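In: Sequence plus predicted model, see below.
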Amino acid sequence: MNAMRGAAAYGRGASAYAKVGVESGVMSASPHQLIVMLFDGALAAIRTARIHLQDGNSPSKGQAISKALDIVNNGLLAALDEERGGEIAERLASLYDYVSRLLLSANLHNDLESLGQAEALLDNIASAWRDIGDQAVRG
């Protein structure tokens, strides 16, 4: 019994430590790095959803897809500045809307193909964001 409590306490401690690490990373990140972090979070949630879908774990699949949707809609989409971003921001907004519909379809129909399409689209955009960051660092 004590070993179980010790393991649970360790898990809580490790989780709290990880949360502090993430919060510290967010606080010191540039706006560009924050967007990359959003992409990384959405992609990780989609990969988690795929694992749960393949395992037949619907509740966990739904939670992971909900997390990805939240990041896309309340992070990536909300970060767009359509005034200054013009046509590019409009196209990204349309793409994020499409990704959201793919994720909803994947959740509703247990559709690995829709999940894969959403992941591929986000991964392509994330790669472009990373390249922009690399170019900015190199000057």
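Out: That came in fine, so what should we check first?
In: Look up the closest residue to the spatially most central residue of the chain, ignoring the ones flanking it.
Out: To find the centre residue of the chain, average its C-alpha atoms and take the closest one (CA atoms, centre = their mean): that gives A42, at 1.2 Å. Leaving aside its sequence neighbours, A42 sits nearest to I71 (CB to CB, 6 or more residues apart in numbering; 4.2 Å). Where you see a C-beta, it was placed from the backbone N, CA and C, and this is true even at glycine.
In: As a check, name the ranges of all helices in this structure.
Out: Along the chain, the segments classed as helices by DSSP state H run 2-28, 31-55, 58-71, 77-79, 82-109, 112-138.
In: got any ranges where this protein has weak pLDDT?
Out: 1-28, 134-139 (pLDDT under 70).
In: what do you get if the cut-off is 50, keeping everything else the same?
Out: Residues of the chain that meet the criterion pLDDT under 50 lie in 1-4, 6-22, 24.
In: measure S30 to A79 for me?
Out: Per CB to CB, to the nearest Å, S30 is found 13 Å from A79.
In: Compare neighbour counts for these two and give me the winner.
Out: For the pair S30 and A79, the greater number of neighbours falls to A79 (15 against 10), based on other CB atoms under 10 Å.
In: Identify the residue spatially nearest to the more buried one, adjacent ones excluded.
Out: Distances taken as CB to CB, 6+ apart put I35 closest to A79, at 6.4 Å, once the chain neighbours are dropped.
In: who touches Q63 in this structure?
Out: The neighbourhood of Q63, defined by CB atoms under 8 Å, 6 or more residues apart in numbering, contains no residues.
In: can you give me phi and psi for the nearest residue to L92 once chain neighbours are set aside?
Out: Taking CB to CB, 6+ apart as the measure, L92 lies nearest to L80, with 5.8 Å between them; neighbours along the chain are not counted. Note on L80: backbone dihedrals following degrees, to the nearest 10 are phi -70, psi 140.
In: That's all I had, so thanks and see you.
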